[in-house]
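1. give me coordinates for this.
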Amino acid sequence: MSVQEVLPLGGLAPERSDQFRADHLLVAGMVKPGSKVLDVGCGDGDLLQLLETRGIDGRGIELSREGVNRCVAKGLAVVQGDADTDLVNYPDDAFDYVILSQTLQATRQPRVVLENLLRIGRRAIVSFPNFGFWKMRLQLLVGGHMPRTENLPASWYDTANIHFCTIKDFVELCDAIHVKMERAEALDLYGRPLRLRMPWWVWNLFGEQGVFLLTRGGGK
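-> Predicted coordinates:
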């Protein structure tokens, strides 16, 4: 399945907010009000707070103790856990949506994690930095060093990211495990969706991030 075959979200930018990140607004817009949601790798809980304002029952799992403490201080239902080892403990269909926002590249077994997301939830929303973005390609080609961007500022030796992928790579993974892509967006540097419906190679080149709404059973 190619990216151009996936239905876009109307090509509209998410609503603007000074309080919430643009990509978080887009992700939240994919979730139906009243849903039960698990946010895997929820960080400081900003996305969970946004979901809460929309009448969504959100829970979180976060690897760092500091992140868990900040979430709990905000009154959020978050526990400490590792996406690679702890998702197996959740029962099937426990949530309407499971969200993995900007965390896939930090997991040790991305394929297994993705399979668990769609076992635990009826739908999954996955976002990640696109390593095929033109600025990253240029840094490798011209600079000869591992790329760094505004959203990936860490040097190669102290980053938590261990499995970078491109939008094309992720689409191929979804095909390999027979996952259906209901919606897909490529975002620019400011978290805004690319406004035109474009072939996958354009998204892969000009999309700084990818955001996908997934369901089970999307075999070829």
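
2. CA atoms for contacts and neighbours, from now on please.
-> Noted.

3. residue most distant from the centroid, the chain?
-> Val142 (28.9 Å; CA atoms, centre = their mean).

4. that one belongs to a helix?
-> Yes: under DSSP: H, G, I helix; E, B strand; the rest coil, Val142 sits within a helix.

5. which element follows the host helix or strand of Val171 toward the C-terminus?
-> In the assignment (DSSP states H and E), Val171 maps to helix 167-176. Following helix 167-176 in sequence order, the next helix or strand is strand 179-187 (DSSP H and E).

6. how far off helix 167-176 does that next one point, in degrees?
-> Angle, strand 179-187 to helix 167-176, by axes from the mean of the first three to the mean of the last three CA atoms, to 10 degrees: 170 degrees.

7. would you mark the buried spots in strand 179-187?
-> By neighbour count on 16 or more other CA atoms under 10 Å, the buried set for strand 179-187 is 179-187.

8. make TSV out of these and add distance to Ile120.
-> Formatted as TSV, the buried residues of strand 179-187 follow (distance: CA to CA, whole Å):
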residue	distance to Ile120
Val179	14
Lys180	16
Met181	17
Glu182	18
Arg183	19
Ala184	21
Glu185	23
Ala186	25
Leu187	27
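
9. what is the nearest of those to Gln19?
-> Nearest to Gln19, judged by CA to CA, of the buried residues of strand 179-187 is Leu187 at 18.9 Å.

10. so the closest one sits against Asn204, correct?
-> No: using CA atoms under 8 Å, Leu187 is not in contact with Asn204, being 10.4 Å away.

11. how many other residues sit next to the residue nearest to Arg108 when sequence neighbours are not counted?
-> Once flanking residues are discounted, Arg108 sits nearest to Asp84: 6.5 Å by CA to CA, 6 or more residues apart in numbering. By other CA atoms under 10 Å, 16 other residues sit near Asp84.

12. tell me the contacts of Asp84?
-> 107-109, 112-113 (CA atoms under 8 Å, 6 or more residues apart in numbering).

13. what mean pLDDT does whichever strand or helix holds it get?
-> Assigned by DSSP H and E, Asp84 belongs to helix 83-86. Across helix 83-86, pLDDT averages out at 96.

14. chain center to it: distance?
-> 16 Å (CA atoms, centre = their mean, to the nearest Å).

15. could you do stretch 75-83 as well?
-> Counting by CA atoms, centre = their mean, stretch 75-83 comes out at 17 Å from the chain centroid.

16. and it, C-alpha only, in PDB?
-> Below are the C-alpha coordinates for stretch 75-83, written out as PDB (Å, rounded to 0.1, in the frame of the first residue of the first chain):
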ATOM      1  CA  GLY A  75      -3.500  14.700  38.200                       C
ATOM      2  CA  LEU A  76      -3.000  12.300  35.300                       C
ATOM      3  CA  ALA A  77      -3.400   8.500  35.500                       C
ATOM      4  CA  VAL A  78       0.100   7.500  34.500                       C
ATOM      5  CA  VAL A  79       2.300   4.500  35.600                       C
ATOM      6  CA  GLN A  80       5.900   3.800  35.000                       C
ATOM      7  CA  GLY A  81       6.600   1.200  32.300                       C
ATOM      8  CA  ASP A  82       8.500   0.200  29.200                       C
ATOM      9  CA  ALA A  83       6.800  -0.100  25.800                       C
END
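
17. for that stretch, which residues meet the burial criterion?
-> Applying 16+ other CA under 10 Å to stretch 75-83 flags 76-81, 83 as buried.
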